[in-house]
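Asks: Let's see this in three dimensions:
(one chain, ligands or ions: 1)
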Amino acid sequence: MRIGIDLGGTKIAAGLVDPDGAIIREESIATRSAETFEDLVGAMDRLCRVVASGDLLAVKSVGVGVPGAVDRGRGTILYMPNIDLEDAPLGSALGEALDLPVKLDNDANCAALAEARAGAAKGTRHSVTVTLGTGIGGGIIIDGKIYAGFNGVAGELGHMVIQEGGPECGCGRRGCFEACASTNALIRMAREAMAGDPDGGLARLVGGDPARINGHTPFEAADAGDPGAQAVLDRWFELLAEGLANLVNIFQPEVLVIGGAVSRRGEKLLGPVRPLMEERAYSGRFPRTRLVTAALGNKAGILGAAYL
Ligand SMILES: [Zn+2]
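Replies: Here you go, the predicted structure:
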């Protein structure tokens, strides 16, 4: 048995994972209830004891997925964009509290590892997982292992520029993959389209309220036959394909996994993106990367952390 902890922006979730990759017991608390480093270690310590039903002897190790940069060797959180904690020795502190080995990695890397071991890329040695959400997270699996660079922070696929001079990105550059092709970018494009067509299908679907547009709205409006929403989707599919083709060219993964809530659209998303990606990617007489949606959903965080 191993324990995986997913340190998220809103909740800290821990799960006891059996050798077959099933989550036996899961427990979570609100992240805001752990304000200091000591609180955080205490909260994780308690969660681990709860999911192990008090029997830590049956647990071999604990892994933690962190929404930020980690020093994997020392088990230290370097920094997190949304949680105020720097240079925090979480691995050693939690390890001492539980008397168990504790490993840390970035949460997107954990999701990629989970999909590679037990999800959409199971059975492959080389895969890349791209998670579409507020931004674009990425994890690279090479020969069955997370590729994290010499300093542990590689795999920032969202900050590859795909459109010079394009939309501003949180990192300070313009035209990054995540500024162009994240779910947030899709929402922004839909809001712009709605502002230009206040009587269109998008506007009708949300009663003219731009705040009600989410990642599913353009799909629903296009399904109902709205050409404006279809145009937004077509443009977004192209931008997504642009970045994915780059990833195929660089990594030639056996499987390219698309995660995030919008991936539940399945072939409504992948169907149009696949040919756009393939026409942009380097091609020849060799096997081609398969584009698939993630299989593990929000369980990937806990599972991937346990697999560390
Ligand atoms: Zn960026």
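Asks: give me phi/psi at the one residue in the stretch 201-308 of the chain that gets nearest to the ion?
Replies: At 11.6 Å from the ion, residue 243 is the closest residue in the stretch 201-308 of the chain, using Cβ to the ion. Placement of C-beta: from N, CA and C, glycine included. Here the main-chain torsion angles of residue 243 (degrees, to the nearest 10) amount to phi -70, psi -40.
Asks: Tell me, how many residues neighbour it?
Replies: Using other Cβ atoms under 10 Å, residue 243 is surrounded by 25 other residues.
Asks: Am I right that it is in contact with residue 160?
Replies: Yes: with contact defined as Cβ atoms under 8 Å, residue 243 counts as touching residue 160 (6.3 Å).
Asks: Name the residues contacting each of these two.
Replies: Here residue 243 and residue 160 have residue 177 as joint contacts, going by Cβ atoms under 8 Å, 6 or more residues apart in numbering.
Asks: Check the closest residue to residue 167 other than its chain neighbours and give its pLDDT.
Replies: Using Cβ to Cβ, 6 or more residues apart in numbering and skipping the chain neighbours, the partner closest in space to residue 167 is residue 179 (4.4 Å). pLDDT recorded at residue 179 is 97.
Asks: cool, residue 108 as well?
Replies: 93.
Asks: Now name the helix or strand holding it.
Replies: Secondary structure from DSSP states H and E places residue 108 in helix 107-118.
Asks: Moving C-terminal from that helix, which element do we reach first?
Replies: Assignment by DSSP H and E places the next element after helix 107-118 at strand 127-132.
Asks: Packing partners of the very next helix or strand once past that next one?
Replies: Using DSSP H and E, the helix or strand that follows strand 127-132 towards the C-terminus is strand 136-142. If you count contacts as 3 or more Cβ pairs under 8 Å, 6 or more residues apart in numbering; DSSP states H and E, strand 136-142 packs onto helix 107-118, strand 127-132, helix 177-181, helix 227-251.
Asks: re earlier: report the contact partners of the residue of the stretch 201-308 of the chain closest to the ion.
Replies: 130, 136, 157, 160, 162, 177, 180-181.
Asks: and if you look at residue 9?
Replies: Here residue 9 is in contact with 31, 67, 82-83 (criterion: Cβ under 8 Å, 6+ apart).
Asks: Okay, the residue of the stretch 1-150 of the chain found nearest the ion and residue 184: tell me how far apart.
Replies: At 8.2 Å from the ion, residue 135 is the closest residue in the stretch 1-150 of the chain, using Cβ to the ion. Distance, residue 135 to residue 184, by Cβ to Cβ, to the nearest Å: 7 Å.
Asks: anything in contact with each of those two?
Replies: In contact with both residue 135 and residue 184: residue 178, using Cβ under 8 Å, 6+ apart.
Asks: and the nearest residue to residue 73 once chain neighbours are set aside, how many neighbours?
Replies: What sits nearest to residue 73 in space, not counting adjacent residues and going by Cβ to Cβ, 6+ apart, is residue 152, at 7.5 Å. Residues within reach of residue 152, counting by other Cβ under 10 Å, total 20.
Asks: Perfect, that will be all.
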